[in-house]
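1. Okay, predicted coordinates and the sequence, questions at the end:
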Amino acid sequence: MTDTLDDLDVEGTTVGVRVDINSPIDDDGSLADDARLRAHVDTLSELLERGGRVAVLAHQGRPGGDDFVSLEPHAERLSTLLERPVDYVDVTYSSGAREAVRNLDDGDCIVLENTRFYSEEYMEFDPDAAAQTHLVEGLAPVLDAYVNDAFAAAHRSQPSLVGFPSVLPGYAGRVMESELDVLGSIEETPEPRVYVLGGAKVSDSIDVAWSVLEKGLADHVLTAGVAGNVFLTADGVDLGDASTDFIYEQGYWDEIDRAADLLDAYGEQVALPRDVAVERDGERHELGVNALPPADSEAAMDIGSSTLSYYERILEDARTVILNGPAGVFEEAAFENGTRELYNAASGVETSIVGGGDTASALRSLGVEGFSHVSTGGGAALRMLTAEPLPAVTALEDGPKHQQPADD
Ligand SMILES: Nc1ncnc2c1ncn2[C@@H]1O[C@H](COP(=O)(O)OP(=O)(O)O)[C@@H](O)[C@H]1O
Ligand SMILES: O=C(OP(=O)(O)O)[C@H](O)COP(=O)(O)O
């Protein structure tokens, strides 16, 4: 078990707090949803009220994406949520960042720049190597302690997640603590157990599918979203140029082979979409897989109604469902139906666990309620629910193994 905020003597302590406030971003660069910021309010308020000096560390988006933006809007929103000034600092570990951290008084909070603006933070390291990255060597000298509240990123072994606890005393924040508590006992949930894997992070979904099927944790895996499209392609279905190009562009071409291997090994337990929805003449149009491919410009944007009935029947017999990722492009009204109806069916299962940034935002925008647990994490929750260790949690549990780098 990791130490928590109960074990930290906070007053006067300068704490680097890693949060996951990776959020959907509007076209004008503003936050489209602040749920992940609200989730961390308890941890941050507690640290500040107990007299801590808080430097927030976080990532936003992935290099090259439209949502790969600065954390300035996040700092502004945190200031509103925490009801106190929260300054944004446009650097993360340079001398300017160290200066800003040194200037903190008890009860002050700053947000340092997007950790992924530095290339090391988008690589995976073991904790020893992460301890020697520029980020950790640059910032750790001015911190007394490290709090990890970023459960949603805990499946990544990036420097801000595994490097700091190698050189500083580390503690789980309140979000981390409660997620580990709820999600730590998947083997105890009732069977039959069904995993629903949708969304766009196809390699994560295939990793999870392999793991839960190999370990006998899943009775069924239902595929949807881009993951469903990759499985259909692996099964020999021609989804047409638009979807196939999209799979290429996202770099998921190798995943088709992995999905095919999975179907060879566990085909009877993996359910594939039976129909898809495309846009035709400006409207939603459903096509059975036998009627594919669609016209060149028509992408598979949602699962269709036959798939929904098929998946609903499997969910009726389930006693536990674990769901991550939307079933389609729920952001567009014509393609929200699959996600809304699949989520509604899942929320009626006795034990229903759902996670993911976009998933949580879909739940809210589509008004679906009733899940047993809505996790702040998608990939992290799934990894945990496969009973695999999360590198960032392991690093916290292992504690510091290296000397804290000296301040200049
Ligand atoms: N068929 C599809 N084609 C393109 N994008 C899709 C499709 N289905 C779902 N998506 C997209 O997947 C994204 C969410 O996926 P992901 O990030 O994996 O979810 P989460 O954040 O919940 O883990 C959404 O932006 C949604 O539009
Ligand atoms: O949004 C996140 O994960 P999720 O989409 O699995 O919920 C986390 O912020 C991790 O981001 P990443 O998947 O770009 O490493």
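-> In hand now; what should we look at? Ligands and ions are numbered 1, 2, ... in the order given.
2. In contact with the residue of the chain found nearest ligand 2, which residues?
-> As assessed by Cβ to the nearest ligand atom, ligand 2 sits closest to residue 378 within the chain, at 2.8 Å. C-beta: built from backbone N, CA, C; applies to glycine. The contact partners of residue 378, by Cβ atoms under 8 Å, 6 or more residues apart in numbering, come to 152, 199, 201, 204, 324-325, 355-359.
3. which of these come close to ligand 1?
-> Restricting the contacts of residue 378 to those touching ligand 1 (Cβ under 6 Å from any ligand atom) yields 199, 201, 324-325, 356-359.
4. what's the burial count for the closest residue to residue 303 other than its chain neighbours?
-> With Cβ to Cβ, 6 or more residues apart in numbering as the criterion, residue 303 has its nearest non-adjacent residue at 4.0 Å, and that residue is residue 338. Neighbours of residue 338 under the rule other Cβ atoms under 10 Å: 30.
5. Need the per-residue pLDDT for residue 338.
-> For residue 338, the model assigns a pLDDT of 98.
6. What of residue 384?
-> At residue 384, pLDDT is 85.
7. Tell me, how many residues neighbour it?
-> 25.
8. what's near enough to touch it?
-> Taking Cβ under 8 Å, 6+ apart as the test, what residue 384 contacts is 155, 179-180, 183-184, 186, 377, 390.
9. which secondary structure element contains it?
-> According to DSSP states H and E, residue 384 maps onto helix 379-385.
10. Can you name the element that comes right after that helix?
-> With DSSP H and E, the next secondary element past helix 379-385 is helix 391-398.
11. What mean pLDDT does that following helix get?
-> 97.
12. does any part of it sit near ligand 2?
-> No. Helix 391-398 does not reach ligand 2 (Cβ under 6 Å from any ligand atom); its nearest approach is 10.9 Å.
13. ok, residue 162 to ligand 1 distance?
-> 21 Å (Cβ to the nearest ligand atom, to the nearest Å).
14. Give me the neighbour count for that residue.
-> 30.
15. Next, residue 66: phi, psi?
-> As for residue 66, its main-chain torsions (degrees, to the nearest 10) stand at phi -70, psi -20.
16. Ignoring the adjacent residues along the chain, who's closest to it?
-> That would be residue 25: by Cβ to Cβ, 6+ apart, it lies 6.9 Å from residue 66.
17. Just to check, that neighbour is in contact with residue 69?
-> Yes. If you go by Cβ atoms under 8 Å, residue 25 and residue 69 touch, sitting 5.7 Å apart.
18. anything in contact with each of these two?
-> With Cβ under 8 Å, 6+ apart as the test, residue 25 and residue 69 both reach 60-61.
19. isn't the residue nearest to residue 303 right next to residue 308, touching?
-> Yes. Between residue 338 and residue 308 there is a contact at 6.4 Å, judged by Cβ under 8 Å.
20. Looking at the stretch 251-400 of the chain, what residue ends up closest to ligand 1?
-> Residue of the stretch 251-400 of the chain nearest ligand 1, by Cβ to the nearest ligand atom: residue 356 (2.2 Å).
21. number of nearby residues for that residue?
-> Residue 356: 27 neighbours (other Cβ under 10 Å).
22. And the closest residue to it other than its chain neighbours, what's its pLDDT?
-> Leaving aside its sequence neighbours, residue 356 sits nearest to residue 378 (Cβ to Cβ, 6+ apart; 2.7 Å). Here the pLDDT value assigned to residue 378 is 86.
23. So what does residue 378 look like in phi/psi?
-> Geometry field for residue 378 lists phi and psi as phi -100, psi -80, criterion degrees, to the nearest 10.
24. what sits against residue 19?
-> With Cβ under 8 Å, 6+ apart, residue 19 has these contacts: 36, 40, 43-44, 56-58, 149-150, 173, 175.
25. So it versus residue 60, what's the distance?
-> 11 Å (Cβ to Cβ, to the nearest Å).
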